[in-house]
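A.B. asks: test case, fold it:
(one chain, ligands or ions: 1)
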Amino acid sequence: MRILITGAGGFIGALLTERLLEQKKLHLDKKEHDISELVLIDQFPIKQEYNSAIQIQKKCIDISDKEKCNEIFKREFDVIFHLAAVVSSHAEQDFDLGYLVNVDATKNLLEGARRQEKVSRFFMTSSVAVFGLDLPEEIPDKFPALPLSSYGAQKAIAELLVSDYSRKGFCDGRVLRLPTVCVRPGKPNAAASSFVSSIIREPLNKESAICPVPVDLKLWIISPQTAVDSILHMVALAEEEIKNSRTLHPPGLTVSVQEILDELEKQAGDDVMQYIQYKRDQKVEDIVLTWPSRFASEQAKSLGFPFDQNIGQIIESYRSDKLEK
Ligand SMILES: NC(=O)c1ccc[n+]([C@@H]2O[C@H](COP(=O)([O-])OP(=O)(O)OC[C@H]3O[C@@H](n4cnc5c(N)ncnc54)[C@H](O)[C@@H]3O)[C@@H](O)[C@H]2O)c1
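C.D. replies: Sure, this is the predicted structure:
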């Protein structure tokens, strides 16, 4: 089985790569398939070193460049994981780059898949940012995407592309609207939701973190492990199971910022709270306050998607991973 991962040098791309190398196999349609080759693409050189019997090709390619993207498809893929993106605040700041990567590059990849003899499974990560206007308390599985940010609009367009290329039989597309993945290790990134990880990670490192939103703001979150499990679960499903709804909401957790901080204090002691600075940021609020925080996820639940138990477990597993490293 030959697999392509775009955005492989990023947070989720690197975790997915590690997991696939560990498993050595991919489940599709209730069968196990040996992985023979992983092609890892990112616009920046991929720093992660992997040691595996599986053949790995690391390529530094900007997939918004149509010709370069075409070259990736010289040999066919069985599965494509498309994770490369310009994330929320960055896409809001740089309108042209956002459309180039989040829309045009997605189309380049779908065209690559379309030219293949075999129909590949095409997985893409989308976001809750596709919603924004007139939201109910809980988002049902089928709810119109009316985004209030460029990132949300770009992800919604990309979702429609995946759906239409699938309808035409050019690929077998699947999209997951991922909750905010936390705790992200390392440094803050250009996502408007970056503070969600910062307010946990930085205080644990005895560094200060800014909380830019009201503490009663509710968020929809998922742990990195469950995010990767969910991606693999989505790809494993048989086409009949998702044919009428290729875009799903995994069962994420709804928590308020205050609940995150309370749990952090419970686990790490009240000293950690001195590292939190409350400084509202209008730019962050303008994006994050439009995102829904509660989803019914009925279809995903009925399809057996994994889920996190509670915020305590997410913080605990981040802390124990950190200790192991
Ligand atoms: N992390 C989250 O909380 C979250 C939540 C919802 C959706 N998502 C989506 O999941 C995916 C992965 O997110 P992440 O947190 O790993 O992001 P990330 O920013 O860590 O990784 C994205 C990677 O894509 C690469 N990339 C960007 N433009 C590229 C281009 N033109 N050509 C090749 N590579 C390019 C970047 O260099 C980066 O390594 C994205 O599609 C994102 O929109 C993430």
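A.B. asks: what pLDDT does the closest residue to the ligand within the chain get?
C.D. replies: Closest contact between the chain and the ligand, by CB to the nearest ligand atom, is at Gly10 (1.9 Å). C-beta coordinates here come from the backbone N, C-alpha and C atoms, glycine included. Each residue has a pLDDT score; the one for Gly10 is 96.
A.B. asks: got the residues of this structure near the ligand?
C.D. replies: Within reach of the ligand by CB under 6 Å from any ligand atom, the chain has these residues: 6-7, 9-13, 41-44, 62-64, 83-87, 101, 105, 125, 127, 178, 180-181, 189, 193.
A.B. asks: filter the residues you listed down to the ones in helices?
C.D. replies: Using DSSP state H to define helices, the subset of the residues of the chain next to the ligand located there is 11-13.
A.B. asks: neighbour count added to the residues you listed, as CSV?
C.D. replies: Supplementary listing: those in CSV, determined by neighbours: other CB atoms under 10 Å:
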residue, neighbour count
Phe11, 19
Ile12, 21
Gly13, 23
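A.B. asks: in contact with Ser149, which residues?
C.D. replies: 88, 91-92, 129, 132, 287, 290 (CB atoms under 8 Å, 6 or more residues apart in numbering).
A.B. asks: low-scoring pLDDT stretches of the stretch 151-300 of the chain, where are they?
C.D. replies: Along the stretch 151-300 of the chain, the model assigns pLDDT under 70 to no residue.
A.B. asks: the helices in it, which residues?
C.D. replies: When secondary structure is read from DSSP state H, counting those that start in this stretch, the stretch 151-300 of the chain shows helices at 194-204, 224-236, 239-242, 257-268, 282-288, 298-302.
A.B. asks: to Leu26, which of the ones you listed lies closest?
C.D. replies: helix 224-236 (7.3 Å; CB to CB).
A.B. asks: related to what we said a few turns ago, from the ones in helices among the residues of the chain next to the ligand, pick the one nearest Phe295.
C.D. replies: When those are compared for distance to Phe295 (CB to CB), Ile12 comes out closest, at 19.0 Å.
A.B. asks: and for the closest residue to the closest one other than its chain neighbours, the neighbour number?
C.D. replies: Counting by CB to CB, 6 or more residues apart in numbering, Ile12 lies nearest to Leu83, which is 5.5 Å off, once chain neighbours are set aside. Leu83: 23 surrounding residues under other CB atoms under 10 Å.
A.B. asks: could you pull out the strands for the protein?
C.D. replies: For the chain, applying DSSP state E gives strands covering 2-6, 25-28, 31-34, 37-42, 55-60, 79-82, 121-127, 172-178, 180-181, 209-211, 218-222, 247-248, 253-256, 276-278.
A.B. asks: is it possible to get TSV of these that adds mean neighbour count and distance to Arg201?
C.D. replies: Putting these into TSV (neighbours: other CB atoms under 10 Å; distance: least, CB to CB, whole Å) gives the following:
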stretch	mean neighbour count	distance to Arg201
strand 2-6	24	25
strand 25-28	16	31
strand 31-34	11	35
strand 37-42	22	23
strand 55-60	14	27
strand 79-82	24	25
strand 121-127	25	21
strand 172-178	24	19
strand 180-181	24	13
strand 209-211	20	7
strand 218-222	22	14
strand 247-248	24	28
strand 253-256	19	16
strand 276-278	14	12
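A.B. asks: identify whichever of these lies nearest to Lys301.
C.D. replies: Between Lys301 and those, the shortest gap by CB to CB is with strand 247-248, which sits at 10.1 Å.
A.B. asks: hang on, the earlier thing: got the helices of the stretch 151-300 of the chain as a markdown table, with mean neighbour count and distance to Leu21 columns?
C.D. replies: Formatted as a markdown table, the entries for the helices of the stretch 151-300 of the chain read as follows, by neighbours: other CB under 10 Å; distance: least, CB to CB, whole Å:
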| stretch | mean neighbour count | distance to Leu21 |
| --- | --- | --- |
| helix 194-204 | 22 | 24 |
| helix 224-236 | 21 | 12 |
| helix 239-242 | 14 | 26 |
| helix 257-268 | 17 | 31 |
| helix 282-288 | 17 | 34 |
| helix 298-302 | 16 | 26 |
